[in-house]
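Trainee: Pasting the sequence and the predicted model now:
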Amino acid sequence: MAHAPIDIALTGFSGLTVPGPGPAVARALRDGWDGPLQITALSDDAMATGAWVPGLADRIRVLPPAAAGDEPWLELIAETHAERPLTALIPGTESDALCVARLADRLERLGIATLLPSVDGLEAIRPHRLPRLLTAHHIPGPPSAEALDLSDVPWLADQLGYPLFVKTGAGARLVHAPSAARAAAKRLRAAGARPTPVILQRHILGETFGAALLADADGARAGLVVRRGLALDTEGRTVSGAVVDDCEVARFAGHVLEKLNWRGPLELAIVRPARSNELLLCDARPWLPSWSMLCHWAGANLAVALIEHMLAGDERPLARRHARIGTMSIRGIEETAVPLERLIELRRGKSVAGPKAPNGTAARSAGTRGHGLRVAVTGLGTCDVINPGLGVARALRAADGIDRVLGLTYGTLESGAFQPDLFGASFQIPPNGSKEALLGRLREVHAAEPFDVLIPCLDGELPRFIDLAGALRRMGVHTLLPRRASLNRRGKLALFGGKTRRDWDGFTIPESRVARTEAETIKAVRALGFPAVVKGTVCQCIPVDSDEDARFAWAWLSPSAPKAVIVQPRIAGAVYAVSAVCDRDHGVISALTIKKLAICERGGTWGATRVSEPALEAAFAAYLHAISWVGPVEGEFIRDEMTDRFNLIEVNPRFTAWAYFSASTGSNQPYLAARAAMDERVNPPPDTVAVAFARCGAEIPLRAAQVAALATKGALRHG
């Protein structure tokens, strides 16, 4: 039966590596609601990237900060409601849920429906209070401890054992040592809107489950979907899962719901320890999950059920609509370009229209064959970091001169392999072993699906592909890669080891010291002064404010080869990046500079805007020519807020993960690189489009047959 027109307000559109539920709930409503639907995205800030996905939100508003209190929050809701009436409001963050619960009666008088437990009920499941709640209701959970002071964290962590989670209201981090626990607690406390105690929770190895529940206004269970984790990232978060029919987990989740006397949505994190039948409750959150589309694909759309209960109640409880067992998904990303003037307008407190959905996908399907270039791309994963191959493929798809895009994957659960909108086919290649084995596999792939250009997108694979460039050329496969010597000259030890000139007119290489022992690390940070940063020779950067932080940084970073770290002063300022492509004569054929607006904890760019910095680009071009660079490259910079000077902090020897943004601004660097690999010169148009870059987490449907095809046959072809 069709429904009357509604306008649903959602929050929870922030969140980077750990996405908020707002985008997923919006998608589930778009796909599942039978009737006219408007969605209003209420965002914590203008750069909340999930709100900018085309087709999700009809309008976007920025909420006042939580510290401002309830009245400004209610005032904005009332103003939005007067502009166009809201039917219901679904919060997607802890602070928003508490605010909505406090204002529920006043919202109801405005005609805005809500469905949440009491404020006390919400407070009880916050991370620093959940262990006490579990004890009070005899609900089993992992061993936990509360640290009121940071100095207590290492001792308590040692008592619990490792690995363990460090949790606050601002998030959770998985750690393996006492110094790491203290460092994580310090960072999470600094990131929180208000100080809360730190909870240490033992990480239990075993089967992981997520339970998405819905309780009606009377507290009766109106919906349940159980997801079993198939793949986890290094932080213990599920990146791929499947709907399961586990009676024990369902019974346990229902028991928790009953004990909490709950109303509305609830997401539970549950683990069944290895060699045990006992279930443990690890976390509880008062919202629909970020995997709500999996519920929809399984035929149990909790977002739709929630709206039905909020508006009129549903005589057909969702518990009777059994979710299809075996429905699977994997975590991916969406990327978009946001008109800059709309972003500025939103930051000024205005209500802006959300981006419209495109009229169908790009006409140049990744699987069609024509007369353009056929390009193979590596780096398709989204497990711990967003690999650049996804953005490269998306940019290539936007170019007129590209016929077919193929994915080369090292594993069976790299999300890009299952995206037919990006790749016409995907093939497994060996992650390690001899160069001969890799070349042999590439010959097999080329025989099955001929391609003209290969674009490697991962740092670690570049040496092998550089060594194979000649053999690939004889196969008819072109590359655009530097020599080994150039690759080594941009490495951190060479760049910051004192052998590279520091002043490049447009930027400076910061004062740096290489340390090869813990004692040298402590000595270096003392000499440079606090605050400082300690960098790994390959990746990661850890801020340090004390000798103890320096010890932790050395212990964390030094196991990588070579056993050394780089110590630098910590520079305060905005982060910039220059993405460039160099031809075989080491000249820059395209450069694009961005200012980063949203950065995840691993340094990945989730929001940015293009800026004009010709002096910086010219200086970076001079540096690239000096090291004889060929191919794509990214320089990362911090603009010192005191001196206004750019400081080079890293040179990445491949396309950046935000490579798709270049296609939005006009230059399309992956396409230029593909043409340059073919020894063709394409003059890029100037980057004049005023847009910002936004990235958002997304679920991708997955079928067991697809995973099996990739695992057993080494190939997955899309129709």
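Mentor: Yes, it's here.

Trainee: nearest residue to Leu230 other than its sequence neighbours?
Mentor: Closest residue to Leu230 apart from its sequence neighbours, by CB to CB, 6 or more residues apart in numbering: Ser240 at 4.4 Å. C-beta coordinates here come from the backbone N, C-alpha and C atoms, glycine included.

Trainee: typo on my end, Arg473
Mentor: Of all residues not flanking Arg473 in the chain, Thr479 sits nearest, at 7.5 Å (CB to CB, 6+ apart).

Trainee: what are the phi and psi values for the one you found?
Mentor: Note on Thr479: backbone dihedrals following degrees, to the nearest 10 are phi -130, psi 170.

Trainee: Equivalent analysis for Ala300, please.
Mentor: The phi and psi values for Ala300, taken as degrees, to the nearest 10, are phi -130, psi 70.

Trainee: In terms of pLDDT, where does it sit?
Mentor: In the predicted model, Ala300 carries a pLDDT score of 95.

Trainee: And the nearest residue to it once chain neighbours are set aside, how close does it get to Ala704?
Mentor: With CB to CB, 6+ apart as the measure, Ala323 is the residue that lies nearest to Ala300, at 4.0 Å, once sequence neighbours are left out. From Ala323 over to Ala704 the distance is 16 Å, taken as CB to CB, to the nearest Å.

Trainee: Of those two, give the one with the bigger neighbour count.
Mentor: Counting neighbours by other CB atoms under 10 Å for Ala323 and for Ala704 shows that Ala323 has the greater number, 25 against 11.

Trainee: low-confidence ranges in the stretch 601-719 of the chain?
Mentor: Within the stretch 601-719 of the chain, the set of residues satisfying pLDDT under 70 comprises 687, 719.

Trainee: one more time with 90
Mentor: Applying pLDDT under 90 to the stretch 601-719 of the chain picks out residues 601-604, 665-667, 681-691, 718-719.

Trainee: just the helices in it please.
Mentor: With DSSP state H, counting those that start in this stretch as the criterion, the stretch 601-719 of the chain has helices at 614-626, 660-665, 669-677, 704-713.

Trainee: now for those helices, which one comes closest to Pro510?
Mentor: The stretch from those with the least distance to Pro510 (CB to CB) is helix 614-626; that distance is 14.4 Å.

Trainee: Following the chain past the helix or strand bottoming out on mean pLDDT in the chain, name the next helix or strand.
Mentor: Evaluated with mean pLDDT, DSSP states H and E, the helix-and-strand set of the chain has its lowest mean pLDDT in helix 178-191, which scores a mean of 81. Elements were assigned by DSSP states H and E; along the chain past helix 178-191, the next helix or strand is strand 198-202.

Trainee: residues contacting the closest residue to Val166 other than its chain neighbours?
Mentor: Residue nearest to Val166 in three dimensions, not counting chain neighbours: Ala184, with 4.2 Å by CB to CB, 6+ apart. Neighbouring residues of Ala184 by CB atoms under 8 Å, 6 or more residues apart in numbering: Val166, Arg173, Val175.

Trainee: can I see the domain layout of this structure?
Mentor: Per the record's domain assignment (automatic domain parsing), the chain is made up of the domains 6-114, 122-329, 373-479+699-717, 513-569.

Trainee: who wins for proximity to Pro355 among those?
Mentor: Shortest distance between Pro355 and the domains of the chain, using CB to CB, is found for domain 6-114: 4.1 Å.

Trainee: Endpoint to endpoint, that closest one covers what distance?
Mentor: Using CA to CA, to the nearest Å, one end of domain 6-114 lies 14 Å from the other.

Trainee: Quick one: distance of that domain to the chain centre.
Mentor: For domain 6-114, the separation from the chain centroid amounts to 21 Å (computed by CA atoms, centre = their mean, to the nearest Å).
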